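[1] quick one: sequence and predicted model below, then my questions.
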Amino acid sequence: MRPHSRLVALGAVAALTATLASVPAAATKTISPAYLDARQPVERRVADLLSRMSLADKIGQMTQAERAQVAANPGRVTAWRLGSVLSGGGSVPAPNTPQAWVDMVNDLQRAALDTPLRIPLLYGIDAVHGHGNVHGATVFPHNVGLGSTRDPRLVDAVYRATAAEMRATGIPWDFAPCVCVSRDERWGRTYESFSENPGLVTRLGASAVDGLEQGGVVATVKHFGGDGDTEHGTGDSDYAIDQGVTVTSRPDLARINLVPYAAAVSEHGVQSVMPSFSSVDRTEDGVGNPVKVHADRDLITGTLKGEMGFDGFVISDWEAIHQLPSTEPADTAEPTAGQVRAGVLAGVDMFMEPSTAPQFQEHLRAEVEAGRVPVSRIDDAVRRILRVKFRIGLFENPYATLGEVGTPAHRALAREAVAASQVLLKNSDRLLPLRPGAKIYVAGRSADDIGNQAGGWTIDWQGRNGDVIPGTTVLDGIREVAPSTAVTFSADASAPIGASDVGVVVVGETPYAEGFGDVGSGVWTQGTEEQKEPKLLTLQPGDRAVVDKVCDAVAKCVVLIVSGRPQVITDQLGKIDALVASWLPGSEGAGVADVLFGRVPFTGRLSFSWPRSVSQVPVNIGDTTYQPLFPYGWGLRTAATPDVRDAAAARAEAGRAPGGWQQMFADAQLAEESGDAARASTLRQQIAG
């Protein structure tokens, strides 16, 4: 994971020095203290190091600061004895190059190794769809698109490639994957979820964990608790739904929200878990008394660490304990002593305090010295953090070496993932795939906007539309894949449409991330003008106008929706001949063109139900009345030998399917995913007639 190097003891602990040369085998017998001996079991090394640590050392390991606080002054890492540093979304070195990242991480690591016990720090970042903070990195489809592939092998490969590009910039810890089960399309983080179905999230989330961990990066499953299932209108921080309240029974919480975490912990050995900003209101003790997950000892210590047997460490979200209830006066600076105490006692081990690390440390020391936080809880937290650092070989190889990002192999993998994620929702008269050589009129603001197709968590926290990263747009891909095709492009459809054979309209959402992406939340005022539009479940007025203008003028019309969630398009569906859910494909838009022209067949299937109307939202499999426009598992295929599934879809497309066919179609998909092929076939035959 790092260059071969070891720390060698040359006397008393205070006189330890580092060497980048490997220790000869004959000399390993003299290694002292035991925590520096790589031959020793991890638990012995942890116990030895813990026994040598002061309270300041321990509190330092529990503290994570943001790079903006320490990059220009690495001495703070030493003074605060930091266990970790992170980059928030959009927080990057200048220039934003792999070499600059490696240099920065190594500068901070040298400062960490200047502490008395020379404990290396662990650097973390949100690489949620590739290493998106780094310019030139491969940006993969967001999880909402990967969910439609239903391909654990592909998800593993995507996250393994992400790990490789992270390591190439010196970063060994990823705040991903998100294994939330998103149950409301109005939530701005829907695109970070693989599916509304806990079973699919569990399978693909496990593959993501495997890809990262086996790629040499510490994975973090997030956001533990009820993330994705919060009720609209309950959001915190002036958001409509994000950081809100999940109202649920204990059995439903376990069945819907917690099962992906249980699998990641017990079967895949994930080493880090991040709790949710949100709260859980358990119906067993009455509704109206929600508990913030970061203060929920029952969930973190009881369920996660106890019942699930998690032995890694829990990292808080960004300043999350600042949202915990406090008994201090209202004007007390956050975090308050009570907030620190509540988070530690709940079971949080490391605290993401981007700009308030010293205050956090001061409060925690006072709480321990006053006896309000037991030393045993501090030791448990530090033991968990050190365990992970020893497991990944950080003591032996603390420094980063430069590698490549955006390699041809990774971009080819991303293009494959893009093609596999495309879901063909409608295909009248088998319009798709398009024939090369046709005259095509391409329109829509997302046809040639790589920022729109990458979405949030790309270079900036909320993302940014425009020419922000290297790669190919959908328009680039069309021109590459079908060079003999005559293409006219006009983003707003102002150019004459003429006698084009086919219109291809690419519309959808502008980038957003948590909070500001909620339908009903305020706008991201620091974004571009396009990003300031209110978030909707329908197409924006300008997008609707382009669809109408093009589809009314051409003989055949294809509409591609580039978005982080389903978009209600029912009222325009009649004039659309072929409709594709393109999701947020990332940097390799040519993968969209691959399926448009049949170089790769359409195989994607919806991992989210596609609503018929705004008033129908939220709509999920298992609803008492389930009648979405397109059900879970829907996705027309091309270049495939027709089977009963295709026959069922054809009858539904023709409007001749029996009542309740949406539920039967979704149930058939669930049966197939659970391995019950016979039941899946029976249900599809009932639809096909």
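    Thanks, I have it.

[2] and the strands in the stretch 551-689 of the chain, which stretches?
    For the stretch 551-689 of the chain, the strands defined by DSSP state E, counting those that start in this stretch cover 556-562, 578-581.

[3] output the last one as PDB, restricted to C-alpha atoms.
    The one in question is strand 578-581. This file holds the C-alpha atoms of strand 578-581, laid out as PDB (Å, rounded to 0.1, in the frame of the first residue of the first chain):
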ATOM      1  CA  ALA A 578     -37.700   6.200 -26.900                       C
ATOM      2  CA  LEU A 579     -37.000   7.200 -23.400                       C
ATOM      3  CA  VAL A 580     -33.700   6.400 -21.500                       C
ATOM      4  CA  ALA A 581     -32.800   6.900 -17.900                       C
END
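
[4] what packs against that strand?
    The helices and strands touching strand 578-581, judged by 3 or more CB pairs under 8 Å, 6 or more residues apart in numbering; DSSP states H and E, are strand 423-427, strand 556-562, helix 590-596. Every C-beta, even on glycine, is put in place using the N, C-alpha and C of the backbone.

[5] just the ones you listed: most buried one?
    Highest mean neighbour count among the helices and strands packed on strand 578-581 (mean count of other CB atoms under 10 Å): helix 590-596, with a mean of 28.

[6] contacting residues around it?
    414-419, 422, 424, 432-434, 472, 474, 476-478, 480-482, 504, 558, 560, 580, 582, 585, 599-602, 638 (CB atoms under 8 Å, 6 or more residues apart in numbering).

[7] returning to that earlier point: of all the helices and strands packed on strand 578-581, which one comes closest to residue 645?
    With CB to CB as the measure, strand 423-427 is the member of the helices and strands packed on strand 578-581 nearest residue 645 (13.3 Å).

[8] would you say residue 343 is within a helix?
    Yes - assigned with DSSP: H, G, I helix; E, B strand; the rest coil, residue 343 falls within a helix.

[9] just give the nearest non-adjacent residue to it, would you?
    Setting aside the residues directly before and after it, residue 343 is nearest to residue 321 in space (CB to CB, 6 or more residues apart in numbering), at 4.1 Å.

[10] just the pLDDT at the one you found, thanks.
    Residue 321 is assigned a pLDDT of 98 by the prediction.

[11] show the contacting residues for residue 611.
    When the contact criterion is CB under 8 Å, 6+ apart, the partners of residue 611 are 185, 537, 566, 568, 617, 619, 628-629.

[12] count of residues packed around residue 208?
    By the measure other CB atoms under 10 Å, the count of residues near residue 208 is 29.

[13] hmm, it is touching residue 222, no?
    No - here residue 208 lies out of contact with residue 222, judged by CB atoms under 8 Å, at a distance of 11.4 Å.

[14] shared neighbours, these two?
    Taking CB under 8 Å, 6+ apart as the contact rule, residue 208 and residue 222 both touch 176-177, 179.

[15] now secondary structure, neighbour count and distance to residue 167 too, for the residues you listed, in JSON lines please.
    Written out in JSON lines, the entries for the shared contacts of residue 208 and residue 222 read as follows (DSSP: H, G, I helix; E, B strand; the rest coil; neighbours: other CB atoms under 10 Å; distance: CB to CB, whole Å):
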{"residue": "176", "secondary structure": "coil", "neighbour count": "28", "distance to residue 167": "15"}
{"residue": "177", "secondary structure": "coil", "neighbour count": "34", "distance to residue 167": "17"}
{"residue": "179", "secondary structure": "coil", "neighbour count": "33", "distance to residue 167": "22"}
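
[16] wait, which of the residues you listed is closest to residue 107?
    Distance to residue 107 across the shared contacts of residue 208 and residue 222 (CB to CB) is lowest for residue 176, with 25.0 Å.

[17] sorry, back to before: and which of the contacts of residue 611 is nearest to residue 346?
    The shortest gap between residue 346 and any of those belongs to residue 185, at 30.7 Å (CB to CB).

[18] wait, the closest one touches residue 565, no?
    Yes - between residue 185 and residue 565 a contact is recorded at 4.6 Å, counting by CB under 8 Å.

[19] spit out the residues that contact these two alike.
    With the criterion set as CB under 8 Å, 6+ apart, the overlap between the contacts of residue 185 and residue 565 is 537, 608.

[20] what about the strands in the stretch 51-200 of the chain?
    Assigned strands in the stretch 51-200 of the chain, in chain order: 63-66, 84-87, 122-125, 173-174 (criterion: DSSP E, counting those that start in this stretch).

[21] out of the helices and strands packed on strand 578-581, nearest to residue 488?
    Evaluated over the helices and strands packed on strand 578-581, closeness to residue 488 peaks at strand 556-562, with 14.3 Å, by CB to CB.

[22] reformat the strands of the stretch 51-200 of the chain as a markdown table; add distance to residue 115 and mean pLDDT.
    Converted to a markdown table, these look like this (distance: least, CB to CB, whole Å; pLDDT from 0 to 100):
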| stretch | distance to residue 115 | mean pLDDT |
| --- | --- | --- |
| strand 63-66 | 13 | 98 |
| strand 84-87 | 13 | 98 |
| strand 122-125 | 14 | 98 |
| strand 173-174 | 19 | 98 |
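
[23] right, so of the ones you listed, which gets closest to residue 49?
    Taking CB to CB as the criterion, residue 49 comes closest to strand 122-125 out of the strands of the stretch 51-200 of the chain, the separation being 14.6 Å.

[24] and residue 260, backbone torsions?
    The phi and psi torsions at residue 260 (degrees, to the nearest 10) take the values phi -60, psi -30.

[25] would you mind measuring from residue 453 to residue 246?
    Look at residue 453 and residue 246: by CB to CB, to the nearest Å, they are 31 Å apart.
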